[in-house]
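Engineer: just a sequence and a predicted model for now, questions to come.
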Amino acid sequence: MIYIQIFWAFFISGILSYGGGPSVIPLIKEQVVDRYHWMNNHDFSEMIAAANALPGPIATKMAGYIGYDVAGWQGATVALFAAIAPTLLMMIALLGILMKYKNSVYVKNLTAYIRPIIGVLFVLITVEFVMDAIKASNILFTVMLMVISFVLLQKMKWHPAIVIGVAMGLGALRIYFI
């Protein structure tokens, strides 16, 4: 039964995600944290931080990790297949239709309507992660980490993987010294 749940959690997330890899994060979170309770918010946010530090698509990294964590290698295999199956099936079935109607007003409107929804989902998940970070450490450390990350990313133009590594290092130092 667990393999069926793993398959559906990632298959449904894959079907509903539109707009690239990051748009799948809130959908997977809903399945993994809210529906099946395989992880809590804190563990999920830690897993995303680690997954973002690695190369490759975020959805497959998350699927592999969560599948393995829940049901070992078989779970990882099922989760990875389920994560890529919707894209594979849609590419095969819809590529011809999409190419035929790519300039259609309806297709362009669909994209225009979905983008704000994904943006709202990102804001909601960010607020949850910040609240969890405040609970796990404190507001001063969380705000300091956010400001440092912003400066490194926006002002100093550091690569996100390096900023994630710095944040993980600061978090580890904080845990070690407190």
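Structural biologist: Sure thing, it's come through.

Engineer: grab the most central residue of the protein for me.
Structural biologist: Residue closest to the mean C-alpha point of the chain, counted by C-alpha atoms, centre = their mean, is Ile25 at 2.7 Å.

Engineer: which strands or helices does the helix or strand containing that one pack on?
Structural biologist: Using DSSP states H and E, Ile25 maps to helix 24-29. Packing contacts for helix 24-29, counted by 3 or more C-beta pairs under 8 Å, 6 or more residues apart in numbering; DSSP states H and E, involve helix 2-16, helix 58-100, helix 105-136. Every residue, glycine included, has its C-beta placed from N, CA and C.

Engineer: deepest-packed of those helices, please.
Structural biologist: Compared across the helices and strands packed on helix 24-29, helix 2-16 shows the largest average neighbour count, a mean of 19 (mean count of other C-beta atoms under 10 Å).

Engineer: which helices and strands does that helix pack with?
Structural biologist: Counting contacts by 3+ C-beta pairs under 8 Å, 6+ apart, helix 2-16 is packed against helix 24-29, helix 58-100.

Engineer: in CSV, list those helices along with distance to Ala172 and mean pLDDT.
Structural biologist: Converted to CSV, those look like this (distance: least, C-beta to C-beta, whole Å; pLDDT from 0 to 100):
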stretch, distance to Ala172, mean pLDDT
helix 24-29, 23, 89
helix 58-100, 19, 88
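
Engineer: now those helices in CSV, with distance to Leu145?
Structural biologist: Shown next, in CSV, are those (distance: least, C-beta to C-beta, whole Å):
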stretch, distance to Leu145
helix 24-29, 19
helix 58-100, 21
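
Engineer: from Thr87, how far out is the residue of the chain most remote from its centre?
Structural biologist: In the chain, the greatest distance from the average C-alpha position (C-alpha atoms, centre = their mean) is reached by Lys100, at 31.3 Å. Counting by C-beta to C-beta, to the nearest Å, the separation of Lys100 from Thr87 is 20 Å.

Engineer: same question, His42
Structural biologist: As defined by C-beta to C-beta, His42 lies at a distance of 29 Å from Thr87.

Engineer: against which helices or strands is the host helix or strand of Tyr176 packed?
Structural biologist: Using DSSP H and E, Tyr176 sits in helix 160-177. Using 3+ C-beta pairs under 8 Å, 6+ apart, the elements in contact with helix 160-177 are helix 41-52, helix 139-150.

Engineer: for Arg174, what are its contacts?
Structural biologist: Ser137, Phe141 (C-beta atoms under 8 Å, 6 or more residues apart in numbering).

Engineer: confidence score at it?
Structural biologist: Per-residue confidence (pLDDT) for Arg174: 80.

Engineer: thinking again about what came up before, you'd agree the residue nearest to the centre of the chain is up against Ile125?
Structural biologist: Yes: at 6.5 Å, Ile25 counts as touching Ile125 under the criterion of C-beta atoms under 8 Å.
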